[in-house]
Structures are given as C-alpha cells and as structure tokens.
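Student: what shape does this take:
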Amino acid sequence: MFVQNRVMRLFTLVVCAAAGLAGAGTAVAGQIEVRQQIQVAAPAPGEPPGMFGPNRPLKTGTGRIRGRVTSIENGSAVRRAQVRISGPDIGSKAAMTDQDGRYEFRDLPAGRFSLSVSKSGYVPMQYGQNRPFEPGKPIELAEGQALDKANVSLPRGSVLSGRVVDEFGEPVADAVVMAMRMQYINGRRRMVNAGRSNQTNDLGQFRLYGLPPGEYYVSATLQTMDLAMGDMMGSGGPVGSSPPSGYAPTYFPSTPSPADAQRVTVETGQELGSIDIGLAPVKLAKISGTVMGSDGKPLAGATVMLMPNMHDTMFFMPGGTSRTSRDGQFTLSNVVPGDYSLQVRAMGGAMMFTDMGGTMAFAMNSSGPPPPSSARQEPEFASVGVTVAGEDVSGLVVVTSHGAKATGRIVFEGDTKPENIASMRIAAPQADPDGGPVPGIGNSSVKEDGTFQIDGLIGIRVLRVMMPIKGWQLKSVRVNGMDVTDSGVDFKPGEDVGGIEMELTRKTTAISGTVSDDRGQALKDYTVVVFPDDPQKWALPMNRWMASARPDQDGQFKFNNLPPGGYYAIAVDYIASGEWNDPDWLERMRPKATRFSLDASGTKTLDLKLEK
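Tutor: Modelled structure (predicted):
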C-alpha cells in the first residue's frame with residue numbers, strides 16, 4: 001500500500017501478525033497460527049516459540065539438514081528459493097538454494113524444527129506438506145544427526161485476476177484486492193486474508209498470484225487515504241468538499257454482504273480471469289465529537305481511530321483516523337456504513353492492538369497541533385462502539401482513562417526456580433474478537449523476582465506466557481485465588497487488577513504415538529487432532545486444550561504441554577489447517593475418536609488407526 005511521504009510521517013501501519021487461532025503452531029499462506037502459548041515463529045507443536053529475549057543465547061550443535069527444492073511440474077531445480085528453518089533454540093535462520101536447487105543448514109543443535117520454502121510464482125510450502133493449507137511435518141534431530149534428503153517440491157501458484165470498476169463502469173485505481181478464505185476462529189467461521197493482496201492499476205486491473213489451489217472469496221476496498229487521513233492534522237480550519245457517497249468493502253460478484261459473496265475455485269497453476277468487481281456505492285457519513293481526559297478537561301493532540309468490528313470478516317484496515325484539536329474536538333469524514341469501535345489514545349507514540357493472538361501496531365508521531373505544556377504524561381485510552389447507517393453521527397463525548405493496570409508475579413510449583421526468569425514476557429491478548437480490536441499495549445517483561453506489570457488494558461484479556469523457559473509450562477492463572485486461565489479478566493478503565501499469580505510447573509505432559517492403516521501398516525503421512533472431551537472447551541479463546549500434529553520424518557507424532565484432563569484423539573488423512581476448530585467437525589469425529597486421560601506430569605502413548 002503506497003502512501004505519500006507526508007502522510008507516512010503521520011501514520012505508519014505495521015501489521016505484526018494476523019492470526020487465525022487454530023492451534024497448529026504453523027504458518028500457512030502467510031498467516032501465523034497460535035497454540036497453547038502465544039507463538040510468533042513456527043515451532044513444533046508444544047515447543048516454545050523461536051524468539052529470544054536479551055538473556056537467551058542461541059544454541060549450536062553438530063546436526064545438519066540438507067535437501068533439494070524442485071518444481072512439482074517437471075522436477076526441475078528451483079533456484080534462489082528461500083529456505084527458512086525455525087526452532088525453540090535457534091530462532092529463525094534462512095538459506096538460499098543454489099543453481100541445482102540445493103540448500104544446507106549446519107551446526108544445528110538437537111531439537112525439533114520446522115522448515116519452509118518460498119519462491120515468487122510458486123506456492124510457499126513446508127517440509128512434509130503435500131496439500132494446500134496443510135501444516136508441514138516437523139524435523140527432529142538428535143545431536144550429530146544428519147538429514148540429507150529434506151526435499152521440498154513447490155507447485156506453481158494459482159492466479160486470480162480481474163478488474164475493479166465504479167458504478168459508472170469506470171476503472172478504479174489503487175483499490176486493495178484480497179483473496180480470502182473461510183477459517184474457524186474461536187469457534188466461529190470467518191473470512192480471513194489468505195496471504196495475498198494487490199492494488200489495482202490505472203485500468204482497474206489486479207492480479208493475485210502465488211495462491212494455493214482451493215476456494216476463495218475476493219474482496220475489494222477503496223481506501224481514499226488522503227481524505228481519510230487528512231484530518232490527522234487536526235479538526236477546525238478550512239473545510240473542503242467531500243462526495244456524498246463512497247464505496248463499501250465489496251465482494252465478488254459486486255456485493256457488500258459477505259453472506260452473498262461467491263466462491264471461486266482455482267486448480268494448481270491455473271489462472272482464472274474475469275473476477276470483476278463493481279464497487280457498491282454507499283452514502284458516506286461524518287463522525288464528530290469531543291474527547292475529554294480523565295481530569296474532565298478537553299484532550300488535545302489525541303489520536304482517534306475508527307476500527308471495523310469483525311463479526312464475519314477479519315478486516316484490519318482502519319475506517320478513518322483523526323487528531324483532536326486544542327479544544328478536544330475531532331472529525332472523521334467519509335465513513336461507510338457499518339459497526340465500528342472508536343479508539344482513542346492520548347499523546348503520540350505507538351498504539352498497539354492485540355487481537356486473537358495477532359498484534360497490530362499503529363505507530364504515530366506527534367505531528368498535528370502540539371498539546372499544551374500541561375499535557376498528561378501517561379497515555380490514556382478509550383473505546384466506544386459506533387454504528388453508522390449513512391447519517392452523520394455528531395455530538396459524541398468520549399472520556400479517556402489510563403486503562404487498567406495489571407500487576408502480579410510468576411510463581412513456580414515446587415522448590416526449584418529456573419534461571420533467566422527475566423527472559424520471559426507476559427502477554428494479554430484480547431479474548432473476544434467480535435467487538436473489534438481494543439487499545440492497550442498488552443505485554444510486559446518479567447523482572448528477576450518474577451513480578452510484572454501491564455499498563456493500559458481495556459476489555460476481556462487472557463494472560464499467557466511468551467517465551468516460556470524450556471521444561472516449564474503454564475499451569476494456571478489466578479486473580480485473588482480465582483482461576484481465570486481460560487475465561488480471562490475483564491479490565492475496566494481505571495480499575496486496576498492486582499494479585500495475579502501465573503503458576504508455572506515442571507510437570508509437563510507429553511503425548512506421542514504412531515498411526516497405521518486398516519492393514520496394520522505404519523503410516524508417515526497423516527494429521528492427528530487432539531481435543532477435550534468437554535464440548536464447552538471447544539470454543540475457548542486462546543484455546544490451550546486443542547492441538548493438531550503432523551508426524552516427523554520417522555512417522556512419529558508428538559504433543560507437549562497440554563493441560564491434564566480428558567481428551568479425544570483422531571487421525572485423519574487430511575484436514576486444512578484450522579478446520580478442526582469447527583465444533584460441528586469435532587462433534588462428527590467424536591464417535592470415531594479414541595478417548596484417553598492425561599494426568600499432570602503424565603505421558604501417553606497412542607497407537608491410532610487412520611479414520612476415513
């Protein structure tokens with residue numbers, strides 16, 4: 001998305017991660033998925049993420065992985081493909097294939113790794129991945145072990161192309177076009193970005209390339225950035241004319257309703273054209289009001305941002321941005337109809353939105369009218385729901401607060417404490433995605449004595465450990481003795497929450513096993529899904545009770561750090577990543593699944609039959 005430099009200085013949009021909370025712990029088509037702990041790399045199931053704090057050194061060893069990257073079409077070498085390996089002890093490392101398509105990683109420590117390959121024009125693939133949207137297989141190395149045939153074949157990417165026009169049939173330039181697919185998130189089916197987007201050219205043409213074969217929905221959105229962000233300089237002063245109508249986000253074939261969107265299907269390497277979209281014209285509205293600080297005085301220089309609620313689709317693009325004037329007034333122009341969350345943050349600096357395991361960072365400087373010398377030094381937040389139906393919304397009075405402060409400590413079961421406690425971080429991601437992202441930083445470092453503090457929290461948040469110390473897992477989160485591990489905490493502005501205890505335990509759990517066919521022959525290509533025997537846990541936010549796993553290079557599957565309790569396990573030939581979060585699918589699979597119990601500090605070995 002290209003924005004003029006003068007606008008970029010005012011508004012820098014950084015998408016850190018978009019999540020589908022599926023739990024496989026794998027990155028597919030550009031989307032980062034999350035399981036058990038908040039993970040930002042793509043480690044093997046149950047392992048800590050491949051990221052490091054200042055006190056956590058990278059490990060080396062004597063292991064080696066070699067392989068070759070080829071084209072599925074004709075077996076020819078894919079030159080200069082990027083190969084990336086990640087693991088809990090090495091972070092993320094990259095290599096490039098040579099003229100014969102070969103690559104190598106040396107000096108690897110013993111451990112569990114994931115490996116992915118990407119090349120322009122091809123579908124990104126992981127080692128062991130055979131189908132679209134399927135997680136790859138982990139690679140497990142012993143000290144000194146060499147794996148010399150970690151080969152990956154890349155299929156040619158599919159292409160969706162077409163034109164975007166207005167209601168007069170004229171081409172629309174600079175419209176953002178996305179390929180989207182359905183995925184279950186927190187028990188609800190939503191459209192999510194499939195990892196590809198494109199802007200239309202001066203003829204209204206777009207081309208989405210490198211897509212895996214499958215079913216997609218195509219959306220087009222026209223963000224008139226100059227108009228939407230011109231108010232960043234503050235309210236008041238001269239006023240320019242604005243068109244009475246604009247365009248809602250529109251889905252192929254030219255409908256503003258996600259429910260009426262038409263799926264398009266592409267095969268491997270197929271180019272499907274004529275995906276033409278006529279943008280749906282809608283009446284634009286204006287939102288205006290005043291922002292008051294917690295001291296009852298108008299708040300100057302505050303950032304006001306309009307974020308769409310995400311009931312059916314995962315759109316992260318803001319619906320408008322403004323800054324308050326010296327008397328606290330703001331105006332958001334050219335707003336299309338919809339349900340929004342009006343977000344306010346006082347003072348410049350970074351505004352972080354944590355949404356379902358993904359983080360969006362909206363970084364803003366202090367441009368615009370300078371706040372008075374008596375401006376508040378602590379950030380203040382506000383979040384107000386606004387519904388726009390084509391008519392102006394005026395007279396809003398938004399009162400900010402410092403948000404809630406969460407204070408607590410990490411406690412360790414037993415008498416032993418690990419080293420490098422300060423390498424851990426605590427995160428407080430949003431639990432309910434339906435209301436749109438909620439302002440607040442939502443993460444904190446941990447001090448050597450185990451205490452932590454998170455400022456500026458609003459809304460229901462679950463507390464999780466990022467970068468947990470190896471050999472430890474989260475046992476529970478308690479607030480004044482009440483277990484809130486899965487339910488989360490409702491943080492209300494100005495109401496601090498103390499007495500938080502996050503207990504870690506060395507009683508880690510492990511599940512491993514093999515899968516065979518109906519003739520008793522061991523299989524090396526399958527997916528195992530583990531889910532709780534209590535259906536009420538199937539749609540929990542940041543669900544730590546569910547996971548999927550693919551076998552390693554020897555055909556073994558593993559799960560680590562699931563909470564003790566009752567479970568089902570089922571092995572299937574194929575299921576797209578995240579689809580097993582569908583409660584209906586889980587209900588259908590339950591009669592066929594193997595039931596078992598997992599005790600604290602328990603291990604379980606399962607020999608499963610492949611279900612068809």
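Student: going by C-alpha atoms from here, please, whenever you check contacts or count neighbours.
Tutor: Will do.
Student: what about the helices in this structure?
Tutor: 5-8, 225-230, 583-589 (DSSP state H).
Student: mind naming the longest strand for the chain?
Tutor: Taking DSSP state E as the criterion, the chain has its longest strand at strand 188-199.
Student: pull the distance from that one to the chain's centre.
Tutor: Distance of strand 188-199 from the chain centroid (Cα atoms, centre = their mean, to the nearest Å) equals 12 Å.
Student: now for that strand, which elements pack on it?
Tutor: strand 176-185, strand 205-211 (3 or more Cα pairs under 8 Å, 6 or more residues apart in numbering; DSSP states H and E).
Student: kindly present these as TSV, with separate columns for distance to A259.
Tutor: Shown next, in TSV, are the helices and strands packed on strand 188-199 (distance: least, Cα to Cα, whole Å):
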stretch	distance to A259
strand 176-185	12
strand 205-211	22
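Student: could you tell me the least trusted of those?
Tutor: Lowest mean pLDDT of the helices and strands packed on strand 188-199: strand 176-185, a mean of 88.
Student: give me the angle between that one and strand 205-211.
Tutor: 40 degrees (axes from the mean of the first three to the mean of the last three Cα atoms, to 10 degrees).
Student: hmm, back to that, worst mean pLDDT among the helices of the chain?
Tutor: helix 5-8 (a mean of 34).
Student: M542 - how many residues pack around it?
Tutor: 31 (other Cα atoms under 10 Å).
Student: surely it and A431 touch.
Tutor: Yes: because the distance of 7.2 Å satisfies Cα atoms under 8 Å, M542 is recorded as touching A431.
Student: got the domain ranges for this structure?
Tutor: Split into domains by automatic domain parsing, the chain comes to 5-16+158-399, 52-153, 404-505, 510-611.
Student: ok, of the ones you listed, where does mean pLDDT dip lowest?
Tutor: domain 5-16+158-399 - the lowest mean pLDDT of those, at a mean of 77.
Student: for V411, give me its contacts.
Tutor: For V411, the contacting residues are G450, E501, M502, E503, L504, by Cα atoms under 8 Å, 6 or more residues apart in numbering.
Student: quick check: bridge partners of it?
Tutor: Per DSSP bridges, the residues bridged to V411 are E503.
Student: any idea how far Q473 is from it?
Tutor: 12 Å (Cα to Cα, to the nearest Å).
Student: which residues do these two both contact?
Tutor: L504.
Student: one step back: buried stuff in the longest strand of the chain?
Tutor: Residues of strand 188-199 classed as buried under the neighbour-count rule (16 or more other Cα atoms under 10 Å) are R188, R189, R190, M191, V192, N193, A194, G195, R196, S197, N198, Q199.
Student: any idea how many residues pack against D415?
Tutor: Residues lying near D415 (other Cα under 10 Å) number 5.
Student: let me fix that, I meant to ask about A81.
Tutor: Neighbours around A81, by other Cα under 10 Å: 24.
Student: cool, A146 as well?
Tutor: 16.
Student: distance of the closest residue in space to S548 that isn't next to it in sequence relative to Y574?
Tutor: Counting by Cα to Cα, 6 or more residues apart in numbering, S548 lies nearest to V529, which is 4.3 Å off, once chain neighbours are set aside. The gap separating V529 from Y574 is 11 Å, by Cα to Cα.
Student: these two: which is more packed in?
Tutor: V529 (22 against 17).
Student: list the contacts of the more buried one.
Tutor: By Cα under 8 Å, 6+ apart, the contact list for V529 reads M546, A547, S548, A549, A569, I570, A571, W580.
Student: switch the cut-off to 6 Å
Tutor: Contact analysis of V529 by Cα atoms under 6 Å, 6 or more residues apart in numbering lists A547, S548, A569, I570.
Student: count the residues that sit near the residue nearest to the last one when sequence neighbours are not counted.
Tutor: Of all residues beyond its chain neighbours, the one nearest I570 is A593 (4.8 Å), with distances taken as Cα to Cα, 6+ apart. The criterion is other Cα under 10 Å. On that basis, A593 has 20 neighbouring residues.
Student: repeat for P253
Tutor: 18.
Student: OK, contacts around it?
Tutor: Contacts of P253 by Cα under 6 Å, 6+ apart are I277.
Student: repeat that for D98.
Tutor: Contacts of D98 (Cα under 6 Å, 6+ apart): R79.
Student: what segments of the stretch 351-500 of the chain are strands?
Tutor: 358-364, 381-388, 393-399, 404-412, 425-427, 443-445, 451-457, 459-461, 464-466, 473-479, 482-483, 489-491, 497-505 (DSSP state E, counting those that start in this stretch).
Student: can you add distance to L147 and give these back as CSV?
Tutor: CSV is the format used below for the strands of the stretch 351-500 of the chain (distance: least, Cα to Cα, whole Å):
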stretch, distance to L147
strand 358-364, 33
strand 381-388, 52
strand 393-399, 60
strand 404-412, 38
strand 425-427, 34
strand 443-445, 37
strand 451-457, 42
strand 459-461, 42
strand 464-466, 30
strand 473-479, 30
strand 482-483, 45
strand 489-491, 46
strand 497-505, 34
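Student: which stretch among the ones you listed comes nearest L141?
Tutor: strand 473-479 (22.5 Å; Cα to Cα).
Student: and that closest one, what does it pack against?
Tutor: strand 497-505 (3 or more Cα pairs under 6 Å, 6 or more residues apart in numbering; DSSP states H and E).
Student: for K609, give its distance to R595.
Tutor: According to Cα to Cα, K609 stands 13 Å off from R595.
Student: pick out whichever of the two has more residues nearby.
Tutor: Ranked by neighbour count (other Cα under 10 Å), K609 and R595 place K609 first, with 21 against 16.
Student: wait, doesn't the more buried one sit right on S516?
Tutor: Yes: under the criterion of Cα atoms under 6 Å, K609 makes contact with S516 at 5.2 Å.
Student: list residues touching both of the two?
Tutor: Residues touching both K609 and S516 (Cα under 6 Å, 6+ apart): none.
Student: skipping adjacent residues, who's closest to D327 in space?
Tutor: In space, D327 comes closest to P298 once its chain neighbours are excluded; the distance is 5.5 Å by Cα to Cα, 6+ apart.
Student: what about that neighbour, neighbour count?
Tutor: Counted with other Cα under 10 Å, the neighbours of P298 add up to 20.
Student: likewise N560?
Tutor: N560 is flanked by 18 other residues according to other Cα under 10 Å.
Student: what about it, distance to Q536?
Tutor: Distance from N560 to Q536, counting by Cα to Cα: 22 Å.
Student: would you enumerate the residues in contact with the residue lying closest to L523 once chain neighbours are set aside?
Tutor: Computed as Cα to Cα, 6+ apart, the closest residue to L523 that is not its neighbour in sequence is S516, at 5.2 Å. Counting by Cα under 6 Å, 6+ apart, S516 makes contact with A522, L523, K609.
Student: export those residues to JSON lines and tack on distance to P138?
Tutor: What follows is the contacts of S516, written out as JSON lines (distance: Cα to Cα, whole Å):
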{"residue": "A522", "distance to P138": "18"}
{"residue": "L523", "distance to P138": "15"}
{"residue": "K609", "distance to P138": "21"}
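Student: check the gap between L279 and Q205 for me.
Tutor: 13 Å.
Student: neighbour count winner among the two?
Tutor: L279 (29 against 22).
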